[in-house]
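need the 3D shape of this:
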Amino acid sequence: MNCAEAAIHFDCENETLFGILARPEQAADVGIVIIVGGPQTRVGSHRQFVLLSRALAAGYPTLRFDVRGMGDSTGDKRDFEAVTPDIRAAIDALQTACPGATRIILWGLCDAAAAALLYCEETRDPRIAGLCLLNPWVRSPASLAKTQVKHYYAQRLLQAEFWRKLLSGRLNPIQSFAELLRKLGQARAQTEQTLGFQERMARGWRDFPGRVLLILSGNDYTAKEFLEYSASVQSWRGLLDRPDLTRVDVAEADHTFSCAEWRDAVSSACLKWLATTSEQRPPA
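Numbers count the residues shown, from 1 in each chain. Now for the predicted structure:
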């Protein structure tokens, strides 16, 4: 590991946040803030954020931190829609410790990816040069139903075990059909009306002037749901076709990239993308 790690703490709306800053011997002018989503701390499931930050800190100062109410940080727990102040405080802390990091990359998995886009939508922070978004969270009852109908129920009809249960009487056909109809009804409710945070995410993405790295797991309902949603809702259409987007699909990977092969694929994709981002300087 060609980096040094140090524990830091910083203020956020009268609470104290704690994090670990990993710094390379020679740093670029790009710094990375890893946003932690869900019920996780800065360590991450299977030490995901520890390993990632050390890999990225080969060339980029990287901060992973606990939002308010999680891990060592004080305050009340809050969901991903309410962590914009935490993200801003983390950016400030990274730049205070590493003044040369004038451009910031936000890295987030699942609802942390949603939080990164919501931060951009709320703040239009000019310091943000890029976004690393992994399996972004866009869930609503309708989007989940649509994904289940396409990827679960359709596959079930092709499984021999399903037909064995049906023919043996272990599966109630009326109940199963009613459940399918319920899911289809929810899927049809997927309209182009305003759907809260998902619309704000789309606005944040559409208005973001920097570059985006999108990494998707091949074996993850959240990733499939994101693709279904972004293709079917008007406000999202075209966002995945933007020339400033780099998309990487990690075949067979689960939601959190839980094995070494998948984690290495993520860190390698991030480092390759960061190298090109570092080469691009903002206009004078």
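
please make it C-alpha for all contacts and neighbour counts, starting now.
OK.

pLDDT weak spots in this structure?
Residues of the chain that meet the criterion pLDDT under 70 lie in 1, 141-167, 169-195, 279-284.

break it into its domains for me.
3-140+194-279, 142-188 (automatic domain parsing).

and those as JSON lines, adding mean neighbour count?
Listed next are the domains of the chain as JSON lines, based on neighbours: other CA atoms under 10 Å:
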{"stretch": "domain 3-140+194-279", "mean neighbour count": "19"}
{"stretch": "domain 142-188", "mean neighbour count": "14"}
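
gap between the two ends of stretch 45-59?
Stretch 45-59 has an end-to-end distance of 24 Å (CA to CA, to the nearest Å).

so who does Gln48 touch?
258, 263 (CA atoms under 8 Å, 6 or more residues apart in numbering).

so where does it fall, helix or strand?
Element membership for Gln48 (DSSP states H and E) is helix 48-56.

all helices for the stretch 1-150 of the chain, in order.
Taking DSSP state H, counting those that start in this stretch as the test, the helices found in the stretch 1-150 of the chain are 48-56, 84-97, 111-123, 141-148.

name the helices or strands packed onto the third one?
It stands for helix 111-123. strand 30-35, helix 84-97, strand 103-109, strand 128-134, helix 197-207 (3 or more CA pairs under 8 Å, 6 or more residues apart in numbering; DSSP states H and E).

quick one: which of those is nearest Asn14?
Across the helices and strands packed on helix 111-123, the minimum distance to Asn14, taken as CA to CA, is reached by helix 84-97, at 11.1 Å.

what does the closest one contact?
10-13, 17, 21, 31, 33, 35, 61-63, 65, 67-68, 101-102, 104, 115, 118-119, 122.

find the nearest non-adjacent residue to Arg247, please.
Leu214 (4.7 Å; CA to CA, 6 or more residues apart in numbering).

isn't Asn2 right up against Glu25?
Yes: with contact defined as CA atoms under 8 Å, Asn2 reaches Glu25; the gap is 6.9 Å.

before we move on, the earlier item: nearest to Pro209, out of the helices of the stretch 1-150 of the chain?
Across the helices of the stretch 1-150 of the chain (criterion: CA to CA), the nearest stretch is helix 111-123, sitting at 10.0 Å.
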